[in-house]
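# fold the following and give me the result.
(one chain, ligands or ions: 1)
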Amino acid sequence: MAATGAEQRNERDTERRDPGTYYVSTPIYYVNDAPHLGHAYTTVAGDVLSRWHRQRGEKVWYLTGTDEHGQKIMRTAEANGVSPQEWCDKLVEEAWKPLWRHLDIANDDFIRTTEKRHTERVREFVQDLYDRGEIYQGGYEGPYCVGCEEYKSFGELLDGEGEFAGEKLCPIHRKPVEMLQEENYFFKLSAYGPKLLEHYAAHPEFIQPESARNEVTQFVRQGLEDLSISRSTFDWGIKVPWDDKHVIYVWIDALLNYATAVGYGSDQAKFDATFPADVHLVGKDILRFHAVIWPAMLMANGLPLPGKIAANGWLMVGGEKMSKSNLTGISPQQLTEHFGVDAYRWYFLRAIAFGQDGSFSWEDFTARYTSELANDYGNLASRVAAMVGKYFGGELPEATAAGPAEQAIADGLTHALAEADRRIGEELDFSGGIQAIFDFIKQVNGYLTEQAPWKVAKDDSPEARARLATILYTAAEALRACAVLLNPVMPESSEKLWTSLGAEPHLGPLAEQDVTDTARWGQLPPGATVTKGAVLFPRLEEPKTA
Ligand code: MSP
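Okay, here's the model as predicted:
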């Protein structure tokens, strides 16, 4: 195929524009059912990432939403005897939005693909591609998985067994595929293979983790086929502008949410300031859509490409991806009821290396909660507050006798911050970043054990009083830093700690603390009123108060 005008324009347009807004997105989720642990996993990760960047003082835009068109939703609505729109409205209002509120997700926008601000702009985008000669009419026949909303190749199908004996199954959903034959419109995706490969090579950070990049690169090297972008056998979708017997393929519709939600075709200033995304978080099941089709669509339309497509692994159940059909029977709400919202947000990011698959177990969650949250962190906070209360009447004393032990704590903090900032803020290694902060907490616990302030307190001499003051100041100042560093992960308990340290009247609101400034020692002023606040992480068998 001859190079199109769009291809030429892309020479300059694929460079990212305004770096001013750090724009993070989650996939927009299918609303055929209520959200489960797997959906919440990606959404919490995006929330932690965007809160981290907000606390770096950056302008951030965190987007999530719902994918409401296509056959899958249509069939679910039919099976429930309501219209697809009614079904979506109910699920979004009664299940999806409430869960994100419950989990303290601070998204800046929530886009629904049935909204006019989206549908109208999608039609314009697709019309534009058509006008540029990027779309043609053709026919296609192949196996289709409604669960994936995608044509499959024969090679990747599995042979059915048991109830599906003799049938071919989708490798992700393990359900029979359907043979579809259609006359529809095609996007010239095949033409973009070389440019995509060029982009992957020039921007190794574009697809993360490396295993995902290798997989996509190999897939593109094999040669891309053109993509069917319309359907004519059902009508729950956005009509193709030049042929209203067709609706736009749900994935083309869905991917465009990342543009329409930030003003594509409606608010140029906002679009220029926000688009493209710095990070699209996606499950590895939908990596190819984001790392192949989406950038090709943008290239075809002369728009800049996102900074990074970061694929998270799957939460597994019995060796398979957790999905609607194999749910553990455990909802996010059941876990938050038992462990609390903060521990829930923390656990999955802490326990599973981002990008790898992982399984949930009550035993592992309980063990980590007890040892890391309740014992290491929660106890440290309550012991320090109690001792400042007991020995200094709740008034934070001054550290006048600091020595090498105190310097080691300050150095430990500098190290923890550098690690956490790089791992969470840049590499999306949430587990490693959180671990660096908890290593610091361990270090502070070790410091207290060694310094044994409860023993020092038995001596009334001025030297001993100065040591006692120094030890408790050091521990409290270390906790000040922990509250700031953990605020993106666990906002509720961090706020409790901030209050207990009496930090706000002197340092301002917790959310306004610049995370990169955390290691500057001595921010909590002597004289601050320290109170023994609410227990951060209550024993699990105790009834929860929150
Ligand atoms: N609607 C499409 C996405 C369109 S984006 C333009 C879709 N939706 S989905 O409801 O199936 O949600 C997919 C996303 O949810 C996954 O990519 C992943 O981010 C998250 N997860 C769903 N199940 C998951 C697990 N079992 N484990 C981890 N993440 C999971 O695909």
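# what about the strands in the stretch 251-400 of the chain?
279-283, 308-312, 315-317, 320-321, 358-359 (DSSP state E, counting those that start in this stretch).
# quick one: contacts of the second one?
Looking back up the chat, that one is strand 308-312. The contact list for strand 308-312 (Cβ atoms under 8 Å, 6 or more residues apart in numbering) reads 41-42, 45, 205-209, 212, 278-284, 287, 290-291, 294, 354-355, 428. Where C-beta positions appear, they are placed from N, C-alpha and C, glycine not excepted.
# also near the ligand: which of the residues you listed, exactly?
By Cβ under 6 Å from any ligand atom, the members of these lying near the ligand are 41-42, 282-283.
# top of these by neighbour count?
When neighbours are taken as other Cβ atoms under 10 Å, the top entry among those is residue 41 (24 neighbours).
# if we can go back for a sec, of the strands of the stretch 251-400 of the chain, flag the one that's most buried.
Most buried of these by mean neighbour count (mean count of other Cβ atoms under 10 Å) is strand 308-312; its value is a mean of 26.
# could I get the average pLDDT for that strand?
For strand 308-312, mean pLDDT is 98.
# can you give me the end-to-end distance of stretch 214-233?
End-to-end distance for stretch 214-233: 36 Å, by Cα to Cα, to the nearest Å.
# residue 203 - how many residues pack around it?
15.
# my read is that residue 472 contacts residue 390, right?
No: applying Cβ atoms under 8 Å, one finds residue 472 not in contact with residue 390, separated by 9.9 Å.
# ok, the closest residue to the ligand within the stretch 201-350 of the chain - contacts?
Nearest residue of the stretch 201-350 of the chain to the ligand (Cβ to the nearest ligand atom) works out as residue 283 at 2.5 Å. By Cβ under 8 Å, 6+ apart, the contact list for residue 283 reads 27, 38, 42, 311-312, 314.
# quick one: end-to-end distance for stretch 360-371.
The first-to-last residue distance of stretch 360-371 comes to 17 Å (Cα to Cα).
# check what contacts it and list those residues.
Contacts to stretch 360-371, defined as Cβ under 8 Å, 6+ apart, come from residues 37, 315, 328, 330, 335, 339, 343, 347-348, 350-351, 537, 539-540.
# going by neighbour count, list what's buried in the helix or strand residue 199 falls within.
Taking DSSP states H and E as the definition, residue 199 sits inside helix 193-202. In terms of neighbour count (16 or more other Cβ atoms under 10 Å), helix 193-202 has its buried residues at 193, 195-196, 199-200.
# what is it packed up against?
The contact analysis (3 or more Cβ pairs under 8 Å, 6 or more residues apart in numbering; DSSP states H and E) places helix 193-202 against helix 210-221, helix 294-300.
# pick the most buried one from these.
Of the helices and strands packed on helix 193-202, the one with the most neighbours on average (mean count of other Cβ under 10 Å) is helix 294-300, at a mean of 25.
# pull the residues that contact that helix.
Outside helix 294-300, the residues touching it (Cβ under 8 Å, 6+ apart) are 4, 6-7, 10, 14, 125, 129, 132, 134, 187-189, 192, 195-196, 199, 252, 255-256, 258, 276, 280, 304-306, 309.
# give me the angle between the helix holding residue 199 and helix 210-221.
Angular relation of helix 193-202 and helix 210-221 on a 0 to 180 degree scale: 160 degrees, by axes from the mean of the first three to the mean of the last three Cα atoms, to 10 degrees.
# after helix 193-202, which helix or strand is next?
Following helix 193-202 in sequence, per DSSP H and E, is strand 207-208.
# residue 530 touches residue 476, doesn't it?
Yes: under the criterion of Cβ under 8 Å, residue 530 is in contact with residue 476, at a separation of 6.5 Å.
# which secondary structure elements does the helix or strand that contains residue 467 contact?
Here residue 467, judged by DSSP H and E, is contained in helix 462-486. The helices and strands touching helix 462-486, judged by 3+ Cβ pairs under 8 Å, 6+ apart, are helix 379-392, helix 404-420, helix 430-451, helix 453-456, helix 491-500.
# the shortest one - what's its average pLDDT?
Pointing back at helix 453-456 there. On average, helix 453-456 scores 98.
# show me what that helix is packed up against.
helix 379-392, helix 462-486.
# kindly export it (C-alpha atoms) in PDB.
C-alpha atoms of helix 453-456 as PDB (Å, rounded to 0.1, in the frame of the first residue of the first chain):
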ATOM      1  CA  PRO A 453      13.600   4.300  75.400                       C
ATOM      2  CA  TRP A 454      11.600   2.600  78.100                       C
ATOM      3  CA  LYS A 455      14.900   1.800  79.900                       C
ATOM      4  CA  VAL A 456      16.400   5.200  79.200                       C
END
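# quick one: check the helix or strand harbouring residue 144 for contact with the ligand.
Using DSSP H and E, residue 144 maps to strand 135-145. No: for strand 135-145, no contact with the ligand is found by Cβ under 6 Å from any ligand atom; the gap never falls below 11.7 Å.
# if we look at that strand, which residues are touching it?
Applying Cβ under 8 Å, 6+ apart, the contact partners of strand 135-145 are 126, 129, 150-154, 157, 168, 170, 172-173, 175, 177-188, 226, 228-229.
# next SSE after that strand?
For strand 135-145, the succeeding helix or strand toward the C-terminus, using DSSP H and E, is strand 150-151.
# so does that next one get close to the ligand?
No: Strand 150-151 lies out of reach of the ligand by Cβ under 6 Å from any ligand atom, never closer than 9.7 Å.
# grab the most central residue of the chain for me.
The centre of the chain sits closest to residue 46, judged by Cα atoms, centre = their mean, with a distance of 2.2 Å.
# which residues touch residue 386?
With Cβ under 8 Å, 6+ apart, residue 386 has these contacts: residue 532.
# still on that earlier bit, tabulate the ones next to the ligand among the contacts of strand 308-312 (a markdown table), appending pLDDT.
What follows is these, written out as a markdown table (pLDDT from 0 to 100):
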| residue | pLDDT |
| --- | --- |
| 41 | 97 |
| 42 | 98 |
| 282 | 98 |
| 283 | 96 |
